[in-house]
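> need coordinates for the following:
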Amino acid sequence: MKYLFFFFGILFTLNAVRAQEAYVFTEQIDLETTPVISQGRTGTCWSFSTSSFLESEIIRLTGKNIDLSEMYTVRNTYPKKAENFVMRQGKAQFSEGGLAHDVLNSVREYGLVPQEAFSGLFASETNHNHAEMVAVLEAMVKTYVDNPGRKLSKNWTKAVDAVLDVYLGKNTTQFMFEGKQYTPASFREMTKINPDAYETITSFTQAPFYSSFILNIPDNWSNGSMHNVPLDEMMETINNALQKGFTVELDCDVSERTFSAKDGVAVVPKDSENNIKALQGIYPEMVVTQEYRQDEFENYDTTDDHLMHITGMLKDQKGTTYYKVKNSWGTDDTKIANDGYVYFSEAYMRLKAISIMVHKDAIPKNIAKKLKL
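The predicted structure follows:
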């Protein structure tokens with residue numbers, strides 16, 4: 001009998017080892033993009049990720065590899081946030097956060113500039129740190145809402161601009177790039193970026209499918225509309241885009257224990273007891289339905305945390321699909337794997353992707369037709 005127990009003990013051990021089989025990834029699609037950089041001590045992932053997305057678009061459209069200025073967009077967006085907060089008497093979001101459409105709105109109104117024309121850093125600085133600037137701006141806009149003088153100064157917007165000038169630098173209107181002089185508008189034209197060519201897609205049941213609606217999440221301070229489609233069709237859009245050579249902008253939840261930049265993976269184990277172990281080895285994953293996704297969102301278990309950039313697709317040795325997602329937390333930290341990329345399992349993407357942005361030509365024709373695009 002003891003030999004029988006010994007046999008089953010070995011079998012159990014082998015199964016446990018097999019269940020913890022380390023990930024082996026094979027790239028299926030790897031689209032061209034610019035190097036991973038760090039957003040530093042800022043909450044401006046929305047600008048870093050969407051700028052990366054536009055950089056890949058510029059490569060696709062022109063063949064040019066251009067490092068865009070994230071801080072030019074941030075510099076031009078803060079006054080909009082301040083005005084929104086003050087005119088709504090403080091009943092609005094004023095924070096570092098934002099969404100991809102905020103970048104496109106800035107590109108439409110203020111154009112684009114390269115990093116070398118506006119870095120948002122001064123000579124002695126090498127990393128972005130907005131902690132003090134944000135504290136000052138928040139104190140200012142809250143004071144304007146409180147209106148201690150009983151009459152709001154007509155120059156309050158100039159005061160906000162002055163603070164941004166101090167911390168980020170004065171806005172640029174003309175600059176040289178590769179031996180030519182540009183304005184932000186003419187530079188945008190050179191890159192062939194058309195802000196109206198991009199669509200935001202989401203999947204939630206509080207609004208009718210194939211309609212547009214304003215998703216009520218904190219960072220949607222500018223009330224941007226999104227196209228609503230069934231979950232399977234949102235995933236189909238991601239896959240179709242990557243297969244056709246288009247990268248994808250992503251708004252997602254990275255607050256889960258099963259998201260790890262250190263391990264370079266994001267997964268949704270079927271058994272929560274495997275949450276930590278599944279960061280190093282393969283475990284069965286949950287089947288994510290539309291209903292479960294909705295419940296997690298409405299319970300605040302899925303929240304709008306972070307924006308990233310999908311640049312490719314992989315498979316593990318079991319044939320499971322993963323998405324190669326470019327982060328903006330840098331690469332030189334020992335706690336960051338995959339050179340700054342995180343591999344999202346299909347289950348994680350289905351559950352934790354809040355929305356995506358793609359070029360309209362990347363949307364499958366049958367879905368575009370339903371959306372009347």
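> which element is residue 164 on?
Here residue 164, judged by DSSP states H and E, is contained in helix 156-168.
> surely residue 322 forms part of a helix?
No - Residue 322: not assigned to a helix; according to DSSP: H, G, I helix; E, B strand; the rest coil it is strand.
> contact partners for it?
25, 265, 313, 314, 315, 316, 343, 344, 345, 346 (CB atoms under 8 Å, 6 or more residues apart in numbering). For the C-beta atoms, the positions are set from N, CA and C on the backbone; glycine is no exception.
> buried only: go through the residues you listed for me.
25, 265, 313, 314, 316, 343, 344, 345, 346 (16 or more other CB atoms under 10 Å).
> let's see which of those end up in strands.
265, 313, 314, 343, 344, 345 (DSSP state E).
> of the residues you listed, which pair is most distant in space?
Taking CB to CB as the measure, those span a maximum distance of 14.3 Å, between 265 and 313.
> about what we covered before: how about the helix holding residue 164: buried residues?
Buried, per 16+ other CB under 10 Å, within helix 156-168: 156, 160, 161, 164, 167, 168.
> same deal with stretch 140-149?
Those would be 140, 141, 144, 145, for stretch 140-149 by 16+ other CB under 10 Å.
> got a list of contacts for that stretch?
For stretch 140-149, contacts defined as CB under 8 Å, 6+ apart pick out 82, 85, 86, 89, 90, 94, 152, 153, 156, 159, 160, 163.
> with stretch 28-35 instead?
Outside stretch 28-35, the residues that touch it by CB under 8 Å, 6+ apart are 52, 55-56, 59-60, 65-67, 242-243, 245-247, 309, 311-315, 324, 326, 331.
> which members of those residues are classed as buried?
Buried subset of the contacts of stretch 28-35 (neighbour count, 16+ other CB under 10 Å): 52, 55-56, 59, 66, 242, 246-247, 309, 311-314, 324, 326.
> can you pull the contacts of the nearest residue to residue 44 once chain neighbours are set aside?
Leaving out its chain neighbours, the residue that sits closest to residue 44 by CB to CB, 6 or more residues apart in numbering is residue 74, at 5.3 Å. By CB under 8 Å, 6+ apart, residue 74 lies in contact with 42, 44, 47, 120, 168.
> same thing but at 10 Å, please
42-44, 46-48, 51, 96, 98, 102-103, 106, 118, 120, 128, 130, 164, 168 (CB atoms under 10 Å, 6 or more residues apart in numbering).
> for ChimeraX, write the selection for the buried entries among those.
Only the buried entries of these go into this ChimeraX selection, using 16+ other CB under 10 Å:
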select :42,43,44,46,47,48,51,96,98,102,103,106,118,120,128,130,164,168
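> which ones among the contacts of residue 74 are found in helices?
46, 47, 48, 51, 102, 103, 106, 164, 168 (DSSP state H).
> contacts only, for residue 176.
By CB under 10 Å, 6+ apart, the residues touching residue 176 are 114, 116, 117, 182.
> out of those, which end up buried?
So, by 16+ other CB under 10 Å, the buried ones in the contacts of residue 176 are 114, 117, 182.
> re earlier: format the ones in helices among the contacts of residue 74 as TSV; extra columns: distance to residue 370 and pLDDT.
Shown next, in TSV, are the ones in helices among the contacts of residue 74 (distance: CB to CB, whole Å; pLDDT from 0 to 100):
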residue	distance to residue 370	pLDDT
46	28	98
47	31	98
48	32	98
51	30	98
102	27	98
103	26	98
106	30	98
164	42	98
168	42	97
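> the bottom helix or strand of the protein by mean pLDDT?
Among the helical and strand segments of the chain, the one scoring lowest on mean pLDDT, DSSP states H and E is helix 2-19, with a mean of 44.
> would you list the phi and psi of residue 232?
With angles defined as degrees, to the nearest 10, residue 232 sits at phi -60, psi -30.
> my guess is it contacts residue 290, does it?
Yes - Residue 232 lies in contact with residue 290 (CB atoms under 10 Å); the separation is 8.1 Å.
> the more surrounded of those two?
For residue 232 versus residue 290, neighbours defined as other CB atoms under 10 Å are more numerous around residue 290 (16 against 12).
> which ones are touching the closest residue to the more buried one other than its chain neighbours?
Among residues not flanking residue 290 along the chain, residue 231 sits closest, at 4.7 Å (CB to CB, 6+ apart). Counting by CB under 10 Å, 6+ apart, residue 231 touches 202-205, 209, 288-294, 350-351, 353.
> if we use 7 Å, what do you get?
Residues counted as contacts of residue 231 (CB atoms under 7 Å, 6 or more residues apart in numbering) are 203, 290, 293, 350.
> next: residue 254.
305, 306.
> residue 356 and residue 259: what is the separation?
17 Å (CB to CB, to the nearest Å).
> check residue 167 too.
Residue 167 is 31 Å from residue 259, by CB to CB.
> same question for residue 86.
Distance of residue 86 to residue 259, given as CB to CB: 35 Å.
> next: residue 271.
Per CB to CB, residue 271 is found 17 Å from residue 259.
> now for the helix holding residue 164, which elements pack on it?
Helices and strands touching helix 156-168, by 3 or more CB pairs under 7 Å, 6 or more residues apart in numbering; DSSP states H and E, are helix 70-87, helix 131-146.
> would you format those as TSV with mean pLDDT and distance to residue 217 included?
Shown next, in TSV, are these (pLDDT from 0 to 100; distance: least, CB to CB, whole Å):
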stretch	mean pLDDT	distance to residue 217
helix 70-87	97	15
helix 131-146	96	20
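> quick one, which of those is packed in tightest?
With neighbours taken as mean count of other CB atoms under 10 Å, these reach their highest mean count in helix 70-87, at a mean of 22.
> ok, and the closest non-adjacent residue to the most centrally placed residue in the chain?
For the chain, the residue nearest the mean C-alpha position is residue 307 (1.6 Å; CA atoms, centre = their mean). Nearest residue to residue 307, sequence neighbours excluded (CB to CB, 6+ apart): residue 49, at 4.1 Å.
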